[in-house]
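Q: What follows is a predicted structure for the sequence shown.
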Amino acid sequence: MDRKSSELAENQTEEPERQVLVCQHRTCQKNGSQAVLNAFQAAVSDRVEVVECGCQGQCSLSPTVRVLPDEIWYCRVQPSDIPEIVEQHLQQDRPVERLLHPRIHPRISFFEP
């Protein structure tokens, strides 16, 4: 690699692989979203950008967390849930089913008679 190519490579910052949006609107804050945001910020790698955001319209199931570009929505997230989300979803690409938002990720079950 020549000097110019090397300098270009050093100056380019890698885009994060994912963004984690943590709602910081009133209802989410009332339900502990600041602690959720802090826990994500302390737990993720450089490949993940944690962003505080405004209302995502899901106040009844707050705090709300949205992972992009996966379009995975989590609801009622607590700081104690963050290690599981980081390990299972952000590192192993397997969303945490028990925290999936039921209106956005409906689960269909078929009962046998």
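A: Nice, thanks for sending it over. Please read all numbers here as calculations on a predicted model, not as lab measurements. Numbering: from 1, shown residues only.
Q: Output the below-cut-off pLDDT ranges for the chain.
A: Low-confidence segments of the chain, defined by pLDDT under 70: 1-13, 109-113.
Q: Break down it into its helices, ranges please.
A: Taking DSSP state H to define them, one finds helices in the chain at 3-11, 26-30, 33-43, 82-84.
Q: now for the shortest one, which elements pack on it?
A: If I follow you right, that is helix 82-84. On a contact count with 3 or more Cβ pairs under 8 Å, 6 or more residues apart in numbering; DSSP states H and E, helix 82-84 meets helix 33-43. Yep, even glycine has a C-beta here, placed from its N, CA and C like the rest.
Q: Return the list of helices and strands in contact with the helix it packs on.
A: Going by 3+ Cβ pairs under 8 Å, 6+ apart, helix 33-43 lies up against strand 18-23, strand 48-53, helix 82-84.
Q: looking at these, which is buried most?
A: Comparing the helices and strands packed on helix 33-43 by mean neighbour count (mean count of other Cβ atoms under 10 Å), strand 18-23 ranks first with a mean of 22.
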